[in-house]
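Q: Okay, here's the prediction I keep looking at, along with the sequence it came from:
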Amino acid sequence: MQINDVVIIGAGPAGLSAAIQCRENDLRVTVLDEFPKPGGRLLGQLHQEPTGEWWNGIEETKILVDKAEKLNTDIRCGVSVHHIEKLEDHFVVHTNKKNFPAKNILIATGAAETAAPIPGWTLPGVMSIGAAQVMTNVHRVSVGEKGIVVGVNVLSAAIARELQLAGIDLHSMALPARNAVSEDQANPRLVMERLVRIAHLAPSAFIKFGSKFAKFKFVQNIALQFFPKGGVKMWDMPIHLRKAIKEINGTDKVESVTMVDVTVDGDIIRGTEETIPVDFVCIAGGLYPLAELAAVVGVPFQYSEELGGHVPIHNEAMETSMKGIYVAGNITGIESAKVAREQGAVAGLSIVKNTLQNATVDGKLKVAINNVKATREAATIQFHPRIEEGREKVTTAFNQLT
């Protein structure tokens with residue numbers, strides 16, 4: 001039985017980029033992904049950069065896949081990985097198809113969504129914002145006639161715009177009503193702080209100008225006190241920070257939502273209930289690293305709020321403290337697809353260096369690590385504040401382990 005030099009779990013930007021680096025150095029590579037085609041979350045992405053250029057995830061995927069295929073990379077889709085077994089001198093990746101032995105494993109499984117539960121959220125027509133993105137941009141299926149987005153954050157703002165570009169009518173974006181799970185998403189003060197970081201993307205020059213002052217707490221407090229009842233419009237869609245969705249209504253499917261006014265602390269103001277007719281609801285609770293496979297094989301973890309949750313402890317070269325296990329992409333912290341792509345290149349070069357004991361790769365590896373930092377610094381959107389601080393903490397934890 002032939003043992004792969006590396007099995008890469010995840011055919012998104014990180015996994016594909018790593019595979020290209022490995023194949024360029026003639027390593028035996030197998031890439032596995034449970035989705036029917038490669039690309040990961042790239043496939044659903046479509047947005048305009050501040051420069052005016054369009055970021056088209058499908059086209060970016062095509063570039064990576066074409067390059068990987070020219071290098072005869074073994075990419076297998078529709079394969080679900082459920083276990084990684086560590087043996088004495090190699091690993092075995094267990095899937096729903098067959099087992100894949102490998103000297104090295106790159107886990108590039110990306111992120112998963114957190115949905116904020118609301119009464120009525122099990123009705124047909126309720127979906128995560130990410131599911132709406134995939135249905136719209138990947139499968140070209142309309143999610144409904146008129147809907148509403150519950151949850152105001154970087155992810156929901158970006159995808160709401162994508163839905164609009166596809167001709168889908170959105171009533172507005174509003175907060176979820178406060179409960180034990182949605183505390184952070186239902187707090188107007190916390191949401192305001194996060195929105196300041198993406199105000200530069202707003203089409204309104206007035207909003208962009210105001211965002212320069214909104215970084216100050218006292219300005220945020222004033223803004224919340226006098227937040228317009230009709231919301232602040234972005235792309236002609238009202239964004240509400242003083243309104244929340246209390247309930248999703250319907251018998252056999254979504255028919256409406258109950259919207260209520262809330263205080264600056266997120267408390268419901270009684271007697272303000274309003275019924276909004278919609279036929280679909282997108283819930284946006286944010287993203288967290290999809291890291292279960294790293295936990296299964298025994299990689300140590302650290303919780304980092306700055307990175308979106310529990311992340312495998314790793315260094316700048318994408319190596320974990322478990323020899324032969326590497327990580328890249330959103331499993332290491334929630335960032336953009338561009339950062340994930342650059343991290344994949346780093347992981348691929350690290351695998352090449354350690355497998356072939358090739359010191360000539362050092363220069364390329366240093367350049368690739370610097371590319372990650374440069375891409376991060378130039379990122380239009382940051383999903384979490386203090387990303388650099390979170391990265392430094394994880395690197396410190398790695399150094400303490402090794």
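A: Yep, it's here.
Q: quick one: contacts for the closest residue to residue 55 other than its chain neighbours?
A: Sequence neighbours aside, residue 47 is the residue nearest to residue 55 in space, at 5.4 Å (criterion: C-beta to C-beta, 6 or more residues apart in numbering). In this view, the C-beta of every residue, glycine as well, is placed from N, C-alpha and C. Contacts for residue 47 (C-beta atoms under 8 Å, 6 or more residues apart in numbering) come out as 54-55, 158, 161-162.
Q: what's the answer for residue 402, then?
A: residue 321.
Q: quick one: the residue nearest to residue 55 is in a strand?
A: Yes. Per DSSP: H, G, I helix; E, B strand; the rest coil, residue 47 lies within a strand segment.
Q: Next, work out how far apart it and residue 347 are.
A: 26 Å (C-beta to C-beta, to the nearest Å).
Q: and whatever helix or strand residue 240 lives in, how far from the chain's centre?
A: In the assignment (DSSP states H and E), residue 240 maps to strand 237-249. Averaged C-alpha coordinates place strand 237-249 at 23 Å from its chain's average position (C-alpha atoms, centre = their mean, to the nearest Å).
Q: likewise stretch 132-147?
A: Distance, stretch centre to chain centre, for stretch 132-147: 18 Å (C-alpha atoms, centre = their mean).
Q: Which secondary structure state does the closest residue to residue 94 other than its chain neighbours sit in?
A: In this structure, residue 94 finds its nearest non-sequential neighbour in residue 83, 4.0 Å apart by C-beta to C-beta, 6+ apart. The three-state assignment at residue 83 reads strand, by three-state DSSP.
Q: Might one say that residue 83 is in contact with residue 292?
A: No. If you go by C-beta atoms under 8 Å, residue 83 and residue 292 don't touch, sitting 10.2 Å apart.
Q: May I have the top helix by length along the chain exported as PDB, CA atoms only?
A: Longest helix in the chain, counting residues (DSSP state H): helix 337-356. C-alpha atoms of helix 337-356 as PDB (Å, rounded to 0.1, in the frame of the first residue of the first chain):
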ATOM      1  CA  ALA A 337     -10.100  33.700   1.800                       C
ATOM      2  CA  LYS A 338      -7.000  35.700   0.700                       C
ATOM      3  CA  VAL A 339      -5.300  35.100   4.000                       C
ATOM      4  CA  ALA A 340      -6.300  31.400   3.900                       C
ATOM      5  CA  ARG A 341      -4.800  31.100   0.500                       C
ATOM      6  CA  GLU A 342      -1.500  32.500   1.600                       C
ATOM      7  CA  GLN A 343      -1.500  30.300   4.800                       C
ATOM      8  CA  GLY A 344      -2.000  27.300   2.500                       C
ATOM      9  CA  ALA A 345       1.200  28.200   0.600                       C
ATOM     10  CA  VAL A 346       3.100  28.500   3.900                       C
ATOM     11  CA  ALA A 347       1.800  25.100   5.000                       C
ATOM     12  CA  GLY A 348       2.700  23.500   1.700                       C
ATOM     13  CA  LEU A 349       6.200  24.800   1.800                       C
ATOM     14  CA  SER A 350       6.600  23.700   5.400                       C
ATOM     15  CA  ILE A 351       5.600  20.200   4.500                       C
ATOM     16  CA  VAL A 352       8.100  20.200   1.500                       C
ATOM     17  CA  LYS A 353      10.900  21.400   3.800                       C
ATOM     18  CA  ASN A 354      10.300  18.900   6.500                       C
ATOM     19  CA  THR A 355       9.600  15.900   4.100                       C
ATOM     20  CA  LEU A 356      12.500  16.500   1.800                       C
END
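Q: Could I get the average pLDDT for it?
A: What helix 337-356 shows for mean pLDDT is 96.
Q: can you pull the buried residues of that helix?
A: Across helix 337-356, burial judged by 16 or more other C-beta atoms under 10 Å covers 337-355.
Q: Ok, stretch 368-382 next?
A: 368-369, 371-372, 375-376, 380, 382.
Q: what does that stretch contact?
A: 49-50, 154, 158, 197-198, 201, 316-317, 335-336, 338-339, 342-343, 345-346, 349, 387-388.
Q: From the chain's centroid, how far away is that stretch?
A: 16 Å.
Q: Averaged pLDDT, that stretch. What do you get?
A: 88.
Q: returning to what we had before: and the helix or strand just after the longest helix of the chain, how far out from the chain's middle?
A: Where DSSP H and E defines the elements, the next helix or strand beyond helix 337-356 is helix 362-377. On the basis of C-alpha atoms, centre = their mean, helix 362-377 sits 21 Å off its chain's mean C-alpha point.
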